[in-house]
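Engineer: Give me a 3D structure for the following:
(one chain, ligands or ions: 1)
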Amino acid sequence: MGKLQIINYQGVTCAMAMVKMFGARLKVCVYVVDGLLVDTGPSRFAREFTSFFSNRWINQVVLTHYHEDHSGNAPWLEKQGVSIYIHPSSIPICQKKAELPIYRHYFWGRRDEFSPLALPDVVDTENGRWQVIESPGHCFDHVTLFNPEIGALFTGDLVVTPKTKLVLRTENVPQIIDSLRRLLQYDFRTVYCGHAGVVEKGREFIQAKLDYLENLQGEVLKMYREGRSLREINKKFFPKLAPLTIVSGGEWASAHMVGSLIKDRK
Ligand SMILES: [Fe+2]
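Structural biologist: Numbers count the residues shown, from 1 in each chain. All right, here's what the predicted structure looks like:
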């Protein structure tokens, strides 16, 4: 498994694990700032993350969303007596052991049941205050944390990469666009992403994703209005079939991006 990579940036500690996926490397990041842990990492790296947590002062945990790569070590933290918060809409999901498709179980490990508390509108730490911004789209319960004093945003899985080619079947791309627009209204510099790590030019990172998705949305809807099928539109923008689409049995696909841009448009 290897060790976690630890980075300190402007008072925030980032602990990062690396996963190999079809030759590509994917990072998974959790953050600790002022006793607050943002996301817990997947249980596949339970040994590494729990050893990291044991050596830090952590008195509360906020999950940006319920996915197993963010919540996998939450049951362990709960057993240590740490309060865990999540958007109220996904509390019932967390209270049951996750039934994951085999490939997700393989990538991230199991996610046992735990009982998080409802995330309030603001999270107070000893020296700061974090505003909770609802930022759905990647999933329904997704939140972003914002600290105006240090100009920081914890964005979970909302951004990850500016040029997204694949999304989950359940993602709502127009909602992602709305959430990105909402975040850009706040005065921040640094983005702490669940997979990209610390992004110093956070505003540019979010703007790049918004520009890309807005442009794609315009092109997709233009073709759709011209009577082109979803299949044709998908083929034009995403001609190659991604290995993850095959491995995930279609749970991750570019066709879901195109489909959502059409189906979920206002
Ligand atoms: Fe996620």
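
Engineer: and stretch 24-42, what's its mean pLDDT?
Structural biologist: Mean per-residue pLDDT for stretch 24-42: 95.

Engineer: Oops, could you answer that again for stretch 242-261 instead?
Structural biologist: 95.

Engineer: hey, where'd the strands end up in the stretch 1-150 of the chain?
Structural biologist: For the stretch 1-150 of the chain, the strands defined by DSSP state E, counting those that start in this stretch occupy 5-9, 12-21, 24-33, 36-38, 60-62, 83-86, 117-118, 122-124, 129-134, 143-147.

Engineer: Reformat the ones you listed as JSON lines; add distance to the ion.
Structural biologist: All C-beta atoms are positioned from the backbone trio N, CA, C, and that covers glycine. Below are the strands of the stretch 1-150 of the chain laid out as JSON lines (distance: least, Cβ to the ion, whole Å):
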{"stretch": "strand 5-9", "distance to the ion": "20"}
{"stretch": "strand 12-21", "distance to the ion": "13"}
{"stretch": "strand 24-33", "distance to the ion": "10"}
{"stretch": "strand 36-38", "distance to the ion": "13"}
{"stretch": "strand 60-62", "distance to the ion": "15"}
{"stretch": "strand 83-86", "distance to the ion": "13"}
{"stretch": "strand 117-118", "distance to the ion": "20"}
{"stretch": "strand 122-124", "distance to the ion": "20"}
{"stretch": "strand 129-134", "distance to the ion": "15"}
{"stretch": "strand 143-147", "distance to the ion": "12"}
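
Engineer: Can you tell me which of the ones you listed is packed in deepest?
Structural biologist: Looking across the strands of the stretch 1-150 of the chain with neighbours counted as mean count of other Cβ atoms under 10 Å, the highest average goes to strand 36-38: a mean of 26.

Engineer: Packing partners of it?
Structural biologist: strand 24-33, strand 60-62 (3 or more Cβ pairs under 8 Å, 6 or more residues apart in numbering; DSSP states H and E).
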